[in-house]
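Chemist: I'd like to go over a predicted model; first the sequence, then the structure.
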Amino acid sequence: MHSLSPEDARARTTELLREIRRIEIQTSRLVEQHLAGSYQSVFKGQGIAFSEVRAYEPGDDVRTIDWNVTARTGVPHVKLFSEERELTVMLLVDMSASLDLGSREYDKRNLVARLAATFAFSAISNNDRVGLIGFTDKVEVFVPPRSGRKHVLAVVQRVLTHAPEQRGTRPSAALEYLARIAKGHAVAVLISDFVDAVAPDGRGWDPRFEHALKVARRRHDVIPIRVEDPIELELPPLGLVAVEDLELLGFADDLVIDLGRGAATRYREQVQRERNAFERLMRKLSLATVNVRCGDDWQQPLVAYFARRNRRMRH
């Protein structure tokens, strides 16, 4: 593998910085115009944390009496609560090879960076902290939660530039890692194409994935976001073509395969079975997902998701 010339390296760095700046401008505008208020009402104020116990005073709400302490001391005590002022938003981001696929303006990795940045800028605009767990079939990147614009831009850069060590996709690895490191409640944004999350026959899913989701949703606010490219959903009947396996088709090496009309039809049906299985799992766990497709308006699904959450919070 040849190293880049100094000129090529400078050009690549310049383009990367431009792309990060474009993402910052796009996502910051989206947050300011559409999501800032929704984020505040949907996530902030939900966390009510126990603060302390003190002796009962006339006028205190009797519903706040701590009966265990009262029985132990013989003196009525009440629990005091305070609103959690700072949330932690953990971005669980798929960094596997399949994210390099792209048949539209930009590939899935670039789209994932925009989605991650949107939640990150929403968080820091409310003085919350943002962390990153980047995964393939194992956790390859961990950035501890912090606040601030520079931190968010560094997170976006890691998403855009990380070279995956493994080829697979195992979201349960990120969820299990979150369970080990998270000390309290977090907003867990799980962004992936969820390749390998369900069985190829579409009749089931990875039991580790289901278990990890169940554990995570008991403690955290889990938001699954599925990123797709149109070419993944319906291959054109191209005949004999040379393909590079990005983990999508399950081949060990690059090779020539037949993508005639029959093969394209079978592929489309298999993809639909896998998507249906994924959606069944999300319904089973009562998890509302966000679906975003390369080439489509990626902002509208986020705005719609926040609006739905807002309506549910008011009822």
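Modeler: Looks like it arrived, so ask away.

Chemist: burial count for residue 64?
Modeler: 13 (other C-beta atoms under 10 Å). For the C-beta atoms, the positions are set from N, CA and C on the backbone; glycine is no exception.

Chemist: tell me the contacts of the residue nearest to it when sequence neighbours are not counted?
Modeler: Distances taken as C-beta to C-beta, 6 or more residues apart in numbering place residue 78 nearest to residue 64, at 4.4 Å, with adjacent residues excluded. Each residue near residue 78 by C-beta atoms under 8 Å, 6 or more residues apart in numbering is listed here: 53-57, 60-61, 64-66.

Chemist: please give the element, helix or strand, for residue 78.
Modeler: If you go by DSSP states H and E, residue 78 is part of strand 77-83.

Chemist: what about dumping the CA coordinates of the very next helix or strand once past that strand to CSV?
Modeler: Sequence order places strand 88-94 as the next helix or strand after strand 77-83, per DSSP H and E. Taking Å, rounded to 0.1, in the frame of the first residue of the first chain, the C-alpha atoms of strand 88-94 are listed here in CSV:
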residue,chain,number,x,y,z
THR,A,88,-25.4,12.1,28.8
VAL,A,89,-26.0,11.4,25.1
MET,A,90,-24.1,8.3,24.0
LEU,A,91,-23.7,7.8,20.2
LEU,A,92,-23.5,4.1,19.4
VAL,A,93,-22.3,4.3,15.8
ASP,A,94,-21.8,1.6,13.3
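
Chemist: so what strands line up beside strand 88-94?
Modeler: Partners of strand 88-94 in the sheet, by DSSP bridges, are strand 129-135 (parallel), strand 187-192 (parallel).

Chemist: look up how far residue 311 lies from residue 298.
Modeler: Remark: distance between residue 298 and residue 311 (C-beta to C-beta, to the nearest Å) = 22 Å.

Chemist: can you pick out the residue with more neighbours from these two?
Modeler: Between residue 298 and residue 311, counted using other C-beta under 10 Å, the more crowded position is residue 298 (20 against 9).

Chemist: the more buried one reaches residue 116, doesn't it?
Modeler: No. Between residue 298 and residue 116 there is no contact, the gap being 11.7 Å when judged by C-beta atoms under 8 Å.

Chemist: need the overlap of contacts for the two.
Modeler: Counting by C-beta under 8 Å, 6+ apart, residue 298 and residue 116 have no shared contacts at all.

Chemist: what's the most buried one of the strands paired with strand 88-94?
Modeler: Highest mean neighbour count among the strands paired with strand 88-94 (mean count of other C-beta atoms under 10 Å): strand 187-192, with a mean of 26.

Chemist: can you name every helix or strand that the helix or strand following it contacts?
Modeler: On the C-terminal side of strand 187-192, the nearest following helix or strand under DSSP H and E is helix 207-219. Helix 207-219 sits against helix 171-181, helix 261-284, with contacts defined as 3 or more C-beta pairs under 8 Å, 6 or more residues apart in numbering; DSSP states H and E.

Chemist: domain parsing of this structure, as residue ranges.
Modeler: 48-83, 85-314 (automatic domain parsing).

Chemist: show me how far the last one is from its chain's centre.
Modeler: In terms of C-alpha atoms, centre = their mean, to the nearest Å, the centre of domain 85-314 is found 6 Å from the chain centre.
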